[in-house]
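Asks: give the three-dimensional model of this entry:
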Amino acid sequence: MDMSQPIYRQPIVTMLGHVDSGKTSLLDKIRGTAVQAREAGGITQHIGATEVPVDVIKEMCGTLLDKFKVSITIPGLLFIDTPGHHAFTSLRRRGGALADIAILVVDIKQPLMPQAVEAIKILRLFRVPFVVAANKIDTLPGWRSTKGPHLQNFTKQKPEAITKLDNAIYKLIGSLAEQNFDSERFDRVTDFTRQITIIPISAKTGEGIPELLAIITGLAQRYMEKQLTIAEESPGKGTILEVKEDPGLGITIDCILYD
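Replies: Numbering: from 1, shown residues only. Got it, this is the predicted structure:
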């Protein structure tokens, strides 16, 4: 190993969104696909977290990494998977220290729901960058959703289905504009520092997940290089997710040691 080269830790990615928007289903799909890509042991399960290593990301994204001009230097992604709304609570209590970047999961057929709006306010307050996963694309009338890249599947759709998708995306762009955010579908974004990226996905079929992982990885590497760099001589760093009392154990702490 060339010790002159910086060493990076995994970005911490937090899932946020309204109840029933598909946060858990999306993470379950990423887990399942990752396991299929590398069989057993392809991902590592921790209390409250899922670790997806770099080789699995490369396999899941395929040629998209080249298309998006992403050369991966991070060791993978660490997804925070906490029950209920503990992610919200953690963000409030510690000024966004829990997340390096966030995925706001919304139902593509619904307006922004109250908890999604709450999440946006928290992310804005603590300046946590985020992308929007417009989930449930498979429920759009006439849309034929299949596993794999959305861009690849898009070319196989009928014009009426594409119109339905465009209308749903434009409504979402309007809802985000009401929250004072400029946003656009990922393949139309002209400035990732000024526009929120919207990725149409299906947590049910897996469509769009390659784009979601590729974009999250690319954004983390391009704009978070300094905060992801590990200082080898410094003390370790971690984040407490939850403090609770378990019968027979007493006070316990769920935490992530990320550096």
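
Asks: residue 169 and residue 187 touch, don't they?
Replies: No: the criterion here is C-beta atoms under 8 Å, and residue 169 misses it with residue 187 at 10.9 Å. Backbone N, C-alpha and C define where each C-beta goes, glycine included.

Asks: between these two, tell me which one has more neighbours.
Replies: Set residue 169 next to residue 187 and count neighbours by other C-beta atoms under 10 Å: residue 169 wins out with 20 against 14.

Asks: local confidence estimate at the closest residue to residue 74 other than its chain neighbours?
Replies: Residue nearest to residue 74 in three dimensions, not counting chain neighbours: residue 8, with 4.8 Å by C-beta to C-beta, 6 or more residues apart in numbering. Looking at residue 8, its pLDDT is 88.

Asks: bridging residues for residue 8?
Replies: Note on residue 8: beta-bridge partners residue 229, judged by DSSP bridges.

Asks: can you pull out the low-pLDDT segments for the protein?
Replies: Confidence mapping of the chain against pLDDT under 70 gives the ranges 1-4, 33-48, 81-97.

Asks: what about the helices in it?
Replies: Along the chain, counting by DSSP state H, helices occupy 23-38, 54-61, 64-67, 86-93, 114-125, 150-154, 159-178, 209-223, 225-228.

Asks: can you list those helices in a markdown table and add distance to residue 248?
Replies: Shown next, in a markdown table, are these (distance: least, C-beta to C-beta, whole Å):
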| stretch | distance to residue 248 |
| --- | --- |
| helix 23-38 | 28 |
| helix 54-61 | 36 |
| helix 64-67 | 47 |
| helix 86-93 | 22 |
| helix 114-125 | 33 |
| helix 150-154 | 47 |
| helix 159-178 | 47 |
| helix 209-223 | 39 |
| helix 225-228 | 39 |
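
Asks: packed most tightly, which of the ones you listed would that be?
Replies: Neighbour counts (mean count of other C-beta atoms under 10 Å) averaged over each of the helices of the chain peak at helix 209-223, with a mean of 22.

Asks: of all the helices of the chain, which lies closest to residue 201?
Replies: helix 209-223 (5.9 Å; C-beta to C-beta).

Asks: the spatially most central residue of the chain: what's it in contact with?
Replies: Against the mean C-alpha coordinate of the chain, by C-alpha atoms, centre = their mean, the closest residue is residue 103 at 3.7 Å. For residue 103, the contact set (C-beta atoms under 8 Å, 6 or more residues apart in numbering) comprises 13-16, 26, 130-133, 212, 216.

Asks: wait, which of the helices of the chain is closest to residue 238?
Replies: Nearest to residue 238 among the helices of the chain is helix 86-93; the distance by C-beta to C-beta comes to 12.5 Å.
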